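> Provide a 3D model corresponding to the input given below.
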Amino acid sequence: MTTRNRPRAATVAVAAAMLTATVLTGPARASGHPAAAGGHQATQSAIEAAVAAGVPGITAEARDAGGVWKAAAGVGDLRTGAPRGERDRFRVGSITDTFVATVLLQMEAEKKLSLDDTVEQYLPGLVQGNGNDGRAITVRQLLNHTSGLFDYLTEVTYYETYILGDGFLQHRYDTLTPEQRLRVAFSHEPLFQPGARHAFSRTNDILAALIVEKVGGTSYENQVRKRIIEPLGLRATSNPGTSTGLPRPSSRSYTKLFLTSQPDRIDDVTEQNGSQGWGDGDMISSAHDLNRFYKALMGGKLLKPRQLTELKTTVVNPDFPISSYGLGVERLTLGCGTTLWYHDGGVLGSLALAAFTEDGRHQFTFDYNGDWDGSGILSILNAEFCDPADPASH
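Reported below is the predicted structural model:
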């Protein structure tokens, strides 16, 4: 639910073309199917409608006062026809940001860093050239994406090499370092001066993960594991390193690599080297684990009150003014008046979204295993959070 400047195949397609201000601020809709008391029939119907419109398969889980509700629709394997699973693991894309931000906020509470420290203090000499200056960018500006740094994934040559068509097919198994991707970013001038506005950039996320390593003295993966994954018992959540597959249970992942020249062609992109998303989109999880994570986060189990307040301190996204960005989470008010916090994530073959109320008591996460059409995402969210029969949704 964002207008981030993301390439087509790497975006959760809840963009301005699909989610205009009129749609989001208009009357709430629940896909025309009011939910029964205590049920999620409207959500199930919206999920099935998205599959009918062309999404291969969807897995979802909601947790609220009524308990845990799981759902799956469509197929997990177009070749065999095997169904999408309720326990599927999937690549979460930029939802990785919330894990990194949480670790940095924990480090701040431990007085190991300040959010207003500069990037240069921790990564000396790394951010420089073409007007890029780590001395002028703070840790906070990395996390709320106000640094102005160019998003490496939007660089045309990089995108054509690793994301599109034959480029992806030839390079899907390549191992890349964070420094290789940062060099792409710093070969471009900043988009604006640090602090001037918000603009999503995966370059920020790589730098944030590198700061986690510098401050923590161990890998970013180890910090996330010992601080979040293990304490919360997130057994389906992992960092892939350089591995190329998905742990089971999981479904196949699909995209349209040749959308312009062969719009009906669907490619299986399940296998892709995890290092190409290191620090900014590499994590793998499940709907169940993400709901547990965000419940603990918003419920104050991972952060002290001051840091939780900082997490929820937002800046307006000028490209999408009804949404605002905090430190690894975003805020949006639906047309029915329900205010949600959320984060989305898109990688080739997966569109994931986790949404939750501010108190963390109602969480809802779902994933598409095809990335070319996110037009049903708003209907699914409305169905889950804007049930007119449920006073708690208002």
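> quick one: residue 145 and residue 325 touch, right?
Yes. Between residue 145 and residue 325 a contact is recorded at 6.1 Å, counting by Cβ atoms under 8 Å. For the C-beta atoms, the positions are set from N, CA and C on the backbone; glycine is no exception.
> Give the intersection of the neighbour lists for these two.
With contacts taken as Cβ atoms under 8 Å, 6 or more residues apart in numbering, residue 145 and residue 325 have 198, 200 as neighbours in common.
> Give me the buried positions along stretch 339-351.
340-351 (16 or more other Cβ atoms under 10 Å).
> can you give me how far it is from the chain middle?
Centroid displacement of stretch 339-351 relative to its chain, using Cα atoms, centre = their mean, to the nearest Å, is 4 Å.
> likewise stretch 339-357?
With Cα atoms, centre = their mean, you get 5 Å for stretch 339-357.
> Stretch 202-217 too?
Distance, centroid of stretch 202-217 to centroid of chain: 17 Å (Cα atoms, centre = their mean).
> okay, that stretch in PDB with CA atoms only?
These are the backbone C-alpha positions of stretch 202-217, laid out as PDB (Å, rounded to 0.1, in the frame of the first residue of the first chain):
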ATOM      1  CA  ARG A 202      16.600  -0.300  -0.600                       C
ATOM      2  CA  THR A 203      20.100   1.200  -0.300                       C
ATOM      3  CA  ASN A 204      19.000   2.500   3.100                       C
ATOM      4  CA  ASP A 205      18.200  -1.000   4.200                       C
ATOM      5  CA  ILE A 206      21.600  -2.400   3.200                       C
ATOM      6  CA  LEU A 207      23.400   0.300   5.100                       C
ATOM      7  CA  ALA A 208      21.100  -0.300   8.200                       C
ATOM      8  CA  ALA A 209      22.000  -4.000   8.200                       C
ATOM      9  CA  LEU A 210      25.700  -3.200   7.900                       C
ATOM     10  CA  ILE A 211      25.400  -0.900  10.900                       C
ATOM     11  CA  VAL A 212      23.800  -3.700  12.800                       C
ATOM     12  CA  GLU A 213      26.900  -5.800  12.100                       C
ATOM     13  CA  LYS A 214      29.300  -3.000  13.000                       C
ATOM     14  CA  VAL A 215      27.600  -2.300  16.300                       C
ATOM     15  CA  GLY A 216      26.700  -5.900  17.200                       C
ATOM     16  CA  GLY A 217      30.100  -7.400  16.200                       C
END
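> Secondary structure added to the buried residues of stretch 339-351, as CSV?
Listed next are the buried residues of stretch 339-351 as CSV, based on DSSP: H, G, I helix; E, B strand; the rest coil:
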residue, secondary structure
340, strand
341, strand
342, strand
343, strand
344, strand
345, strand
346, strand
347, strand
348, coil
349, coil
350, strand
351, strand
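> Out of these, the closest to residue 160 would be?
Residue 160 lies nearest to residue 348 out of those, by Cβ to Cβ, at 13.6 Å.
> Let me see the ranges of the strands in the stretch 151-300 of the chain.
All strands of the stretch 151-300 of the chain, identified by DSSP state E, counting those that start in this stretch, fall at 254-255, 267-268, 284-286.
> closest to residue 64 out of those?
Short answer: strand 284-286, nearest of those by Cβ to Cβ, at 17.9 Å.
> what's in contact with that closest one?
By Cβ under 8 Å, 6+ apart, strand 284-286 touches 59, 61, 87-92, 95, 234, 236-240, 246-247, 293.
> So which of these sit within helices?
Using DSSP state H, the members of the contacts of strand 284-286 that fall in helices are residue 293.
> follow-up on the earlier one: switch the strands of the stretch 151-300 of the chain over to TSV; also include mean neighbour count.
Formatted as TSV, the strands of the stretch 151-300 of the chain follow (neighbours: other Cβ atoms under 10 Å):
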stretch	mean neighbour count
strand 254-255	25
strand 267-268	15
strand 284-286	25
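> Pipe these into TSV and attach distance to residue 360 per row.
Output for the strands of the stretch 151-300 of the chain, formatted as TSV (distance: least, Cβ to Cβ, whole Å):
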stretch	distance to residue 360
strand 254-255	32
strand 267-268	36
strand 284-286	17
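> Out of these, which is closest to residue 301?
strand 284-286 (17.5 Å).
> tell me the mean pLDDT over stretch 209-222?
On average, the pLDDT along stretch 209-222 is 98.
> where are the low-confidence patches of this structure?
1-38, 387-394 (pLDDT under 70).
> All the helices of it, in order from the start?
21-25, 41-52, 96-109, 119-122, 139-143, 156-162, 165-171, 178-186, 202-216, 220-224, 230-232, 287-298, 305-311, 377-385.
> Contacts for the fifth one, please.
If I follow you right, that is helix 139-143. The contact list for helix 139-143, computed with Cβ under 8 Å, 6+ apart, reads 97, 101, 104, 113-119, 122, 147, 194-195, 204-205, 207-208, 211, 327-328.
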